[in-house]
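Novice: fold the following.
(4 chains)
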Number of protein chains: 2
Amino acid sequence: MVRSTLADVARGAGVSVASVSRVLNGLPASIATRDRVREVAHSLGYAPDLAARSLKIRRTEQISVVIDDLANPAYVSMMQGAEAVLRDAGYRIQFSSIGSDSDLGLGTALHAVSRGYADGLIICPLRMNSELVETLRHAPIPVVVIGGLPRGTAIDNVVTDSRLGVNLAMDHLHQLGRRRIAFIDGPLGTNPGDRRLEGYRSAVERLGLPDEDGLRRLTTEFSYAKGAAAAADLIVNSQFDALLAANDMMAIGAMHAIARAGLRVPHRVAVVGIDDSEMCLYSSPPLTSVSLGSRHRGKIAARLLLRRLARPDAPIKRVREAPRLVARDSTSARDFTGADDSTSARDSTGARAKRRGQT
Amino acid sequence: MVRSTLADVARGAGVSVASVSRVLNGLPASIATRDRVREVAHSLGYAPDLAARSLKIRRTEQISVVIDDLANPAYVSMMQGAEAVLRDAGYRIQFSSIGSDSDLGLGTALHAVSRGYADGLIICPLRMNSELVETLRHAPIPVVVIGGLPRGTAIDNVVTDSRLGVNLAMDHLHQLGRRRIAFIDGPLGTNPGDRRLEGYRSAVERLGLPDEDGLRRLTTEFSYAKGAAAAADLIVNSQFDALLAANDMMAIGAMHAIARAGLRVPHRVAVVGIDDSEMCLYSSPPLTSVSLGSRHRGKIAARLLLRRLARPDAPIKRVREAPRLVARDSTSARDFTGADDSTSARDSTGARAKRRGQT
DNA sequence: TCTCGGTTCGTAAACGATTACAAGAACGTT
DNA sequence: AACGTTCTTGTAATCGTTTACGAACCGAGA
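Specialist: Numbering: from 1, shown residues only, chains lettered A, B, ... in the order given. Below is the predicted model of the structure:
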């Protein structure tokens, strides 16, 4: 099917292209031409060429959304949130995941953006370095970042307080009587990796918890497998009655490793994840997690972008999304009698199992 | 930062716009102009206006990918697969999820496509009706469908044999000695819903299994919650020693409902899902599932589209992706001693638990 | 009938790139 | 020195819209 143009419609309706354009854009025209043009346009299956339109109106009506990794449900949620808002505002979404091929992906994605196929950009980078900040600052289109930025950077962004989130989790565990709280982090040098470690450190200090290297593990990826491996390692080399992982996938991996080692969750080890993704409901036991409002952050980012598109000189805005602990069975309080020597992860399950009757 | 145009570069380099364009597109030019133009272009931060370029070269270098629902991991996998291939081929991805707001979403998505902002379309519709087929057949750009099409439809597509997939699952359960196999389907009228029910029916007949309405449940959504609710209902009203759900989310919901009812998986009820999404690894027990190669289908779809873009008159092609059973613990054979009256789902767990020692 | 707001419409100039064409430059050959 | 080739370059047309501008038209008031 060959595409017809304004000129075709104009010829068919016996009017000028200007009239056709006006009718199709809802500008005033006589009833007669209006109906005639619409009829012909419809019968010809006319659809405007968006490239030509964009060229003329100086807008693409597209927003570019760049996330790191589609495999991470937190990013998917952000996309969902952003998409809903942007679509309602009449924008299409141009999507890229910059994936693990860090440089290549990011480079092309941003280079491409600066080549002007989008009116705005929403980006949630795993790693935020000064080079990236510069690139974004000089982008020819409005940019909204989901995630932290150096103080004073003139870019709208929406942040969540990962540090606080981690502290909420630690408080929760602490209130449940857990004292030896292990922590599995993702790679340092990434935004979440760094912030979450800071949070853990501050909570350990604030709550007077044991501060041992042996309770901390760094992994190279925020993945199920890395979480499981780190937990397995912790079980062999350390003693802990609770475990916090830097995201839900790692937490669930850790829960499985713990279960495989014959330890029960939450009785013996309470587990908390971060992101409150849907998988928390699906795991067993359901995973307690810190919600960072991914979907909502996606929405807010989209709204910030729309705001800036409408008022390019509006003051720079940073929106905070407060973290929130969502308690589920993986930290349920029942069956835990408090921290003592027998909570060593090396214990056999037998002793703990017997004790269950007491509560 | 204001965008500069070809003319700006031309002025700066003291040459014509044609020369600039040629240099930037790698066409032959003298060393001197080449260097000069590149230098100026770089210092001006020149980037071509893609709208203007598209208008002239009659290509947008964008592919539209339309899926139903980002919340479904199977779709996300498809996107990942497609994205990888398309990006390597130099295309950007314009993404829309048509979501649950069926008509609205689909309508706008497709209408938008026909408005020519993409060179091709990959679509994986949940429901395929004749109206949609017509729309796609008359699309002004090449289309690839992921999913079934009416026989003889002149559209490239990649299909998987859901029916066969269900039969693989049923064979697997049958070989494990399960006889009363319950089935939880998604909504009829959807492609997967219909195909999977057909598969179940044919397997029941082929294997001589009990064919009872009470063993089948239809839900309104392929979701965790619906799966759980349907399973809870089955447990109360029916007796079964195995359960097949139309996708992994439903299967995991069902597993949880089963666990809540005090029945053990797989000992008492073996559970199988469909899609082999990552969550199968994360559930406990890990879920046996039928892989339909979502990611691979995404890749194939992208390749089919690239092929057609290269050769618009190539013969219509339909690629099949074979389903494959991935056995995990939710159907592990140990502990099951065969179907007999005591396998009623109404049994208390006690009897079954005692029996475990025998194997 | 003439004039005067107000509509309605067509002409034509953009928007920023690509590219056919022809002209000019450079060079080798005879 | 004249000619033919090959390279390099600029001019200008073009892609399909949108929209400023002014012409034509219409009915009403004088």
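
Novice: find the nearest non-adjacent residue to residue A:68, please.
Specialist: Spatial nearest neighbour of residue A:68, chain neighbours left out: residue A:126 (4.3 Å); criterion: Cβ to Cβ, 6 or more residues apart in numbering or on different chains. C-beta here means a position set from N, CA and C on the backbone, and glycine is covered the same way.

Novice: quick one, what contacts that neighbour?
Specialist: Contact analysis of residue A:126 by Cβ atoms under 8 Å, 6 or more residues apart in numbering or on different chains lists A:68, A:69, A:190, A:191, A:192.

Novice: which single one of those is nearest to residue A:296?
Specialist: Within the contacts of residue A:126, proximity to residue A:296 (Cβ to Cβ) peaks at residue A:192, which comes in at 16.9 Å.

Novice: only the buried residues of the helix or strand containing the closest one, if you could.
Specialist: Using DSSP states H and E, residue A:192 sits in helix A:191-207. Across helix A:191-207, burial judged by 16 or more other Cβ atoms under 10 Å in any protein chain shown covers A:191, A:192, A:193, A:194, A:195, A:196, A:197, A:199, A:200, A:203, A:204.

Novice: quick one, what contacts the spatially closest residue to the last one that is not a sequence neighbour?
Specialist: In this case it means residue A:204. Of all residues not flanking residue A:204 in the chain, residue A:211 sits nearest, at 5.0 Å (Cβ to Cβ, 6+ apart). Residues near residue A:211 by Cβ under 8 Å, 6+ apart: A:201, A:204, A:205.

Novice: now the helices for chain A?
Specialist: With DSSP state H as the criterion, chain A has helices at A:6-13, A:17-24, A:31-43, A:50-57, A:73-88, A:102-114, A:130-137, A:162-175, A:191-207, A:224-237, A:248-260, A:279-282, A:294-310, A:349-355.

Novice: deepest-packed of the ones you listed, please.
Specialist: Ranked by mean neighbour count, the helices of chain A are led by helix A:248-260 with a mean of 26 (mean count of other Cβ atoms under 10 Å in any protein chain shown).

Novice: re earlier: and the helix holding residue A:192, what does it pack against?
Specialist: Helix A:191-207 sits against helix A:162-175, strand A:181-185, strand A:216-218, with contacts defined as 3 or more Cβ pairs under 8 Å, 6 or more residues apart in numbering or on different chains; DSSP states H and E.

Novice: which stretch among those comes nearest chain B?
Specialist: Chain B sits nearest to strand A:181-185 of all the helices and strands packed on helix A:191-207, at 15.4 Å, using Cβ to the nearest Cβ.

Novice: which bits of the stretch 1-150 of chain A sit near chain B?
Specialist: Contact residues, the stretch 1-150 of chain A versus chain B (Cβ under 8 Å from any Cβ of the partner chain): A:1-3, A:45, A:47-52, A:54-55, A:60, A:62, A:70-71, A:76, A:79-80, A:83, A:87, A:92-97, A:108, A:111-112, A:114-117, A:138-140.

Novice: contacting residues around the helix holding residue A:192?
Specialist: The contact list for helix A:191-207, computed with Cβ under 8 Å, 6+ apart, reads A:125-128, A:147-148, A:162-167, A:170-171, A:174, A:181, A:183, A:185-188, A:209-211, A:216, A:218, A:222, A:244, A:246-247, A:274.

Novice: whatever residue of the stretch 151-300 of chain A ends up closest to DNA strand D pairs with what?
Specialist: With Cβ to the nearest atom of the strand, the shortest gap between the stretch 151-300 of chain A and DNA strand D falls at residue A:156, namely 26.5 Å. Here residue A:156 sits in beta bridges with residue A:144, going by DSSP bridges.
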